[in-house]
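*Asks:* Pasting the sequence and the predicted coordinates here, then a few questions.
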Amino acid sequence: MTVVTMLVLAAAAAAYLVRLVRGPGLSERVIALDGLIVVGISAVAVHAMSTGQGAFLPVLVVITLVGFVATAAAARFIERTDGVDQRPGDAR
């Protein structure tokens, strides 16, 4: 069952990576990064459950909090810039 769960998480990570690379806007890329963080946390949690070692669980809490703060900061940044993805050389 652990192998199936890891395969599903790997498929989700691949989908988030595609969205991260191809995302048309900054907000889609932030959501993709947030999803990758959730997938990584889930993979570590599944590994901790399958091995019975809870040593990584406090690390998961810290990563979750950092991910939340990063998403909130990115949302505030997007709100200020109107979500326009500016590239070098683009005149606005």
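*Replies:* Thanks, I have the structure now.
*Asks:* quick one, helices of the chain?
*Replies:* Here the chain has its helices, by DSSP state H, at 2-22, 26-51, 57-81.
*Asks:* Quick one: residues in contact with the first one.
*Replies:* The one in question is helix 2-22. 28-29, 31-33, 35-36, 39-40, 42-43, 46-47, 50 (Cβ atoms under 8 Å, 6 or more residues apart in numbering). C-beta here means a position set from N, CA and C on the backbone, and glycine is covered the same way.
*Asks:* Check the residues you listed for burial and list the buried ones.
*Replies:* 29, 31, 32, 33, 35, 36, 39, 42, 43, 46 (16 or more other Cβ atoms under 10 Å).
*Asks:* Show me the shaky parts of this structure.
*Replies:* Along the chain, segments meeting pLDDT under 70 span 82-92.
*Asks:* Return the residues in contact with residue 23.
*Replies:* Taking Cβ under 8 Å, 6+ apart, one finds 29, 31, 32 in contact with residue 23.
*Asks:* what do you get if the cut-off is 6 Å, keeping everything else the same?
*Replies:* 29, 32 (Cβ atoms under 6 Å, 6 or more residues apart in numbering).
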